[in-house]
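*Asks:* Give me coordinates for this.
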Amino acid sequence: MGFAPSAAASDAQSQQWYLGPMQAEQMWKTSTGEGIKVAVIGTGVNPDTPSLRGQVLQGVDALVKDGLAKGSATQTDDTTGQGTTAAELIAGTGKGGGLRGLAPGVKIIPIRVPALKHDELPDPNYPLATAVRAAVDSGAKIIDFAVGNQYPIGTQIVGDVAFDYAVKKGVLMVAGTGDNRKEGNKTQYPAAYPHVVGVASSGKDWEVSSTSQYGDYVDLAAPGEDVPRWCDAKFQRYCQDGGGTVAASALVSASAALVWSAHPDWTANQVLGSLIDTAGRSWPKDDPSKYGGYGAVRPRMVVENAGYKAGPADVDPLATENGESAAPEPSAAGSASASAASQAPQKTTTGGTSAAGSSAESTGDSNTLWMALGAVAAVVVLGGGGLAVARARRGR
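*Replies:* Down below sits the predicted model:
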C-alpha cells in the first residue's frame, strides 16, 4: 500500500495548527490517554498507516451479524479514509510524518458501518445499533462516531435500546454536529441523540466554522476546519480541505481519553462534566450557545490541575432541564432558518462540577476574532486563542 511521500506527510503534520494552542506536548507529560480504548464507528480504519501501526485493535464489521452478510465479522478495512483520519486524530503516533493524535496513548477499536452521505436516506436496517453494541462489548470507554446523517439512523426502537445499553455500561459517546449549515442546517444524527455529545467545529482563527451546524444539540466545540485528512481509501496523500465536525468530534473524544486516563476511577458523567466545566466560554455554564454549546474543549485545564474535583458520578451533565422559557434565536448571516435546529432533542447541563481556573482565558491580542452570526456575540478562548461564537439562549 502506498503512502504520502515523507515531505508531503510532514507538511500535513505541520498543518495540525491546534496542537500548539492546546499545549499538547505539555499535556502528554501527564496523560497520553494510555489505558483507554476508543471505538471509531465509521467507514473502517486502516491499521497500517505509519501513524496507526500498533494503535489499532481487532474491530467489528457491523454489517456481518449471525451470518446474515458475506465476509468476516472482523474485516474493518476503511472504505473512504474518513474513519482512518478520525483514528489518527485521536491516537496517531505521528510516525512517518503521519498525523499526530491528541491522545497517542489510546488504542482504537474500529467498528465498520456503511458509508453514508449527510442527506442520503439510510436503509431502515442501517446497523448503527449493532455498531454501538459491538463497541461497548469490545471494551470501549469512548465511542467516536465518524458518520452522520440528517435522518435518524437505524431502526429507532432498536437504536434507543443500544444507546441506553452504552450509557448503562458507562460509555461516553461523541459525534460531530454536521457541516451543512448552508445547505439547510438540518439536525444531524447521531449527534442529536440525547446520550451523544454533539461537537461543533472551529477554524484557525478560533471562530466557529461557517459550515458547522447549530442547534440545541451542540454541546462542545473543537478544532475541525483546515485539519488534514486522508483524501480517500487509497491512502496516498493527505488533503488540506479540513475534516469539519468529524475531526472536531475526534478531538473531543481524544480530550475525554486524556482526562479519563488521568482519572481512571471517574465515570463518563464526571469526565464529560469536567470538559463542560472547563470549556472556554464567557457566558454562564447553564446557558449554552446554539453554535458553540458549552464552549471550546480544553482538556489541559483538567489534566494539569491535580486538585480538580469532579462532580457527582451519577449526574448526567447533559440531562434535560425543565422550566426555562424559550428565547428567540438570532439570525445567522448565510445560514438557514431556526426551524431546523428546533428539531433536535434538548440537551442541557445540570451542572454540579467545579474547578479552579475554569473561566475563559483572554489574551487580548489581535487573534481574538468575532464571528458575524447575528446581533449578539461572545468570545471564548482555547489555549490562548479566541473562539468566537454567537451568544444565544437555546430554544427550549
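*Asks:* May I ask which helix or strand encompasses Ser261?
*Replies:* Secondary-structure assignment from DSSP states H and E places Ser261 in helix 244-262.
*Asks:* right, and Arg300 touches Met22 too?
*Replies:* Yes: with contacts counted by Cβ atoms under 8 Å, Arg300 reaches Met22, the gap being 6.7 Å. Where C-beta positions appear, they are placed from N, C-alpha and C, glycine not excepted.
*Asks:* so where's the stretch 201-350 of the chain uncertain?
*Replies:* Counting by pLDDT under 70, the ranges of the stretch 201-350 of the chain that qualify are 320-350.
*Asks:* Strands of that one, start to end?
*Replies:* 220-223, 229-230, 238-239 (DSSP state E, counting those that start in this stretch).
*Asks:* Could you point out which of the ones you listed sits nearest Gly94?
*Replies:* strand 238-239 (12.8 Å; Cβ to Cβ).
*Asks:* quick one on the thing from earlier: mean neighbour count and distance to Glu34 added to the strands of the stretch 201-350 of the chain, as CSV?
*Replies:* Formatted as CSV, those follow (neighbours: other Cβ atoms under 10 Å; distance: least, Cβ to Cβ, whole Å):
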stretch, mean neighbour count, distance to Glu34
strand 220-223, 32, 21
strand 229-230, 26, 25
strand 238-239, 19, 26
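*Asks:* for stretch 144-164, the distance to its chain's centre please.
*Replies:* 16 Å (Cα atoms, centre = their mean, to the nearest Å).
*Asks:* Could you do stretch 33-41 as well?
*Replies:* Taking Cα atoms, centre = their mean, one finds the center of stretch 33-41 at 13 Å from the center of the full chain.
*Asks:* now for the helix or strand hosting Ile108, which elements pack on it?
*Replies:* Ile108 belongs to strand 107-112 when assigned by DSSP H and E. Strand 107-112 sits against strand 37-42, strand 60-61, helix 82-91, helix 128-137, with contacts defined as 3 or more Cβ pairs under 8 Å, 6 or more residues apart in numbering; DSSP states H and E.
*Asks:* Let me know which of the ones you listed is tucked in deepest.
*Replies:* Using mean count of other Cβ atoms under 10 Å, the stretch among these with the largest mean neighbour count is helix 82-91, at a mean of 32.
*Asks:* Packing partners of that helix?
*Replies:* strand 37-42, strand 107-112, strand 229-230, helix 244-262.
*Asks:* Quick one: these as JSON lines, columns for distance to Ala200 too.
*Replies:* As requested, the helices and strands packed on helix 82-91 are arranged in JSON lines below (distance: least, Cβ to Cβ, whole Å):
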{"stretch": "strand 37-42", "distance to Ala200": "19"}
{"stretch": "strand 107-112", "distance to Ala200": "23"}
{"stretch": "strand 229-230", "distance to Ala200": "18"}
{"stretch": "helix 244-262", "distance to Ala200": "6"}
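*Asks:* Identify whichever of those lies nearest to Ile143.
*Replies:* strand 37-42 (4.8 Å).
*Asks:* Kindly calculate the angle that the strand holding Ile108 makes with helix 128-137.
*Replies:* For strand 107-112 against helix 128-137, the angle by axes from the mean of the first three to the mean of the last three Cα atoms, to 10 degrees is 160 degrees.
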